[in-house]
Each structure stands twice: as structure tokens, then as C-alpha cells.
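S.K.: Here's a sequence, model it:
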Amino acid sequence: MIKLSVHMMTYNCENYIDQSLKSVLRQKTTFPFEIIISDDASTDKTYQIVTTIAEKHDFIKPHQNKDNLGVLKNFVTTLHRCQGEYVFDLAGDDWLSDPYALQTLVDELDQNPSFSFVDSGFDCYYQRSGKIKSFVNKRILKSAKAAYIARHKIYGTSFMGCCYRKSSIEKYVYFDEYRNQQIDFEDYPILTDLMMNSEFGLIPKVLSVYRIHRDSHSHQADSYLRAKLYFAKKYNYSKTEVKKIHQIHDDYMLHNASLTSDKKTGIKYYKPFRQPMLRNFVYFLSSQSHLAQRFFTLFRKI
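M.R.: The predicted structure is shown next:
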């Protein structure tokens with residue numbers, strides 16, 4: 001059996017895929033691995049770049065979907081093609097910064113057979129400014145696992161940096177259940193089911209870089225809220241946790257309204273805040289005034 005499959009989904013990332021793939025090719029490991037790529041019908045040169053690189057490496061196995069499948073379906077079809085005991089998911093616009101990243105992840109899973117996944121540290125790279133925020137998840141990775149779970153329930157934990165035991169996904173994750181609930185993404189659901197049903201490990205070390213840019217895929221707010229509330233019911237979250245989930249949703253919607261000066265949405269989602277923070281007030285002002293929106297845009301990172 002192949003020890004590790006690097007699971008890569010790509011869509012219109014021609015400006016980033018070369019760096020992403022080459023960061024995997026630079027990995028130093030004691031085991032062979034495969035790179036399984038599914039391009040979701042990109043309309044740019046992403047797949048052309050992928051196939052050009054793949055011609056030189058037989059362990060890179062690219063495929064392009066005839067039609068755009070969407071995130072969840074593309075994730076599942078890519079996963080089915082993975083032959084590895086472990087699966088590391090890397091987006092086509094992110095990259096591995098540590099040349100021993102894959103070795104570190106695999107060693108942790110090998111040494112802990114009860115772990116269904118391990119999570120690791122990452123930096124954030126802001127495409128617009130060219131700045132890097134170092135080790136953004138340091139605090140949560142160095143906290144107790146109970147705190148890690150508590151934060152994930154409310155905020156969601158980034159999928160970036162996670163390596164999975166494939167057999168654990170097959171045992172604990174039910175993709176048909178996600179589809180029935182009209183959940184169209186994979187990261188929050190998979191991590192929730194795994195962490196609520198099995199052991200996992202945390203590696204407090206930066207191994208990769210998450211690129212943030214305006215074309216980055218992001219979940220629709222309503223879909224994300226629906227998923228969180230579904231799992232809140234499934235795993236009997238407390239009333240306080242459910243309340244915080246709604247608060248995070250309101251904050252997100254207010255932030256989005258500030259980006260487009262959407263007055264109606266800004267008013268709707270600012271009202272629920274009984275004790276708004278300065279950030280909320282700034283978002284609200286930006287939603288109500290194009291002038292304020294343009295001013296505060298100067299300070300945005302993306």
C-alpha cells in the first residue's frame with residue numbers, strides 16, 4: 001500500500017499551482033507518495049500547467065472533470081482515487097513551506113495508531129499586500145484538545161495542515177449525509193465527525209502556507225451556518241455554543257456588508273449586537289457609506 005496520498009483539488013489557479021506542486025516535489029521523505037489531482041473544469045491554464053509537470057513524474061496523477069462538480073463532490077471523487085494509507089489535502093493555491101512537512105505528518109500518525117488525523121501549523125500569506133502572518137494557529141495547537149474541539153464547534157478549524165488516516169474517514173464520515181443536509185463543502189463536516197468520534201493529534205509547528213486572495217474559495221455564509229447547526233443538533237451542543245455560532249454568523253455577514261456598502265444587510269446584522277466591538281462598528285459604518293468603505297479598504301489585507 002502507498003503510505004501517503006497528497007490530495008489536490010484545483011480550479012482556476014494558474015498563477016499559483018506551479019508553486020504549490022513544486023513545494024510537494026521538494027519534500028524529503030523516507031517513503032514514496034502519490035499526488036492525486038482533480039481539476040474541476042478550470043477555464044484558465046491550470047490543468048495545462050499540471051499536465052506539463054506531471055509528464056516528468058509518474059507519481060503525479062492528474063484528472064480533469066468534464067463539468068464543474070463543486071467542492072464536496074470533487075473532494076469525494078478525488079478521495080476515491082487516493083491509494084494511500086494517509087491523505088494530506090493541499091489546495092492548488094497553497095504550499096508546503098517545510099521540506100519535511102509530509103515526513104512530520106506521517107511520523108506522527110505512524111507513532112499514534114489511534115489518531116484519525118493530525119493537525120499542524122501554518123502561516124497566512126496575504127496576496128494583495130505580500131505580507132505573511134506567522135503561525136496563525138499557534139495558540140489553538142498548543143492548547144488542550146478540549147479547547148481545540150470547543151473552538152472548532154463555534155468558529156470552525158482550518159482544513160489547512162490536516163493529514164488523515166483514510167480508514168478513519170471511511171469509518172466515521174458519511175458524505176451522503178452531508179449531501180442530504182445540502183452541505184456543499186467538506187472541511188468543517190469531516191473534522192467535526194472525526195474529532196467527535198476518535199482521537200487526534202496536534203503538531204505545534206509550521207509546515208505550510210495558506211494563501212488568502214480575493215479569488216479564494218469561501219463557503220457561503222448560510223451554508224456554513226446550516227452545517228454548524230446540523231452538527232450542533234447531531235452532537236448536542238450547549239445553548240451557549242449555539243448562541244455563539246449565530247453571533248459568529250452575524251459578524252461574518254456584517255463584514256461582508258461592509259465590503260459592498262450593503263446598507264440593508266448592514267443594519268440587519270448590526271442590530272443583534274448588544275455590546276458591539278469597535279470592529280463591528282467599523283463594519284457597520286462601511287456598510288452605510290461608500291466613502292467609509294473606501295477609506296477602510298486601505299487597511300484591508302486582501
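S.K.: Would you mark the buried spots in the helix or strand encompassing residue 87?
M.R.: Secondary structure assigned from DSSP states H and E places residue 87 in strand 84-89. Within strand 84-89, the residues scored as buried using 16 or more other CB atoms under 10 Å are 84-89. Heads up, the C-betas are built off the backbone N, CA and C, glycines and all.
S.K.: Contacts for the very next helix or strand once past that strand next, please.
M.R.: Where DSSP H and E defines the elements, the next helix or strand beyond strand 84-89 is strand 95-96. Strand 95-96 is contacted by residues 19-20, 23-24, 26-27, 90, 102, 207-209, 211 when judged by CB atoms under 8 Å, 6 or more residues apart in numbering.
S.K.: residue ranges with poor pLDDT in the stretch 151-300 of the chain?
M.R.: 214-219, 265-266, 269, 274-276, 292-300 (pLDDT under 70).
S.K.: The stretch 101-250 of the chain: helices as residue ranges?
M.R.: Along the stretch 101-250 of the chain, counting by DSSP state H, counting those that start in this stretch, helices occupy 101-111, 138-141, 145-155, 166-172, 175-180, 187-197, 221-234, 239-260.
S.K.: which secondary structure elements does the first one contact?
M.R.: Here helix 101-111 touches strand 2-10, strand 84-89, strand 115-126, strand 163-165, strand 199-212, going by 3 or more CB pairs under 8 Å, 6 or more residues apart in numbering; DSSP states H and E.
S.K.: Check the ones you listed for me and report the most buried one.
M.R.: Between those, strand 163-165 has the highest mean count of neighbours, a mean of 26, where neighbours are mean count of other CB atoms under 10 Å.
S.K.: so what strands line up beside that strand?
M.R.: If you go by DSSP bridges, strand 163-165 pairs up with strand 84-89 (antiparallel), strand 115-126 (antiparallel).
S.K.: follow-up on the earlier one: now, among the contacts of strand 95-96, which is nearest to residue 51?
M.R.: residue 20 (14.8 Å; CB to CB).
S.K.: Distance check, that closest one against residue 96.
M.R.: Going from residue 20 to residue 96 by CB to CB, to the nearest Å gives 8 Å.
S.K.: List the buried residues for stretch 141-153?
M.R.: 141, 148-150, 152-153.
S.K.: what do you get for stretch 223-241?
M.R.: Within stretch 223-241, the residues scored as buried using 16+ other CB under 10 Å are 224-232, 237.
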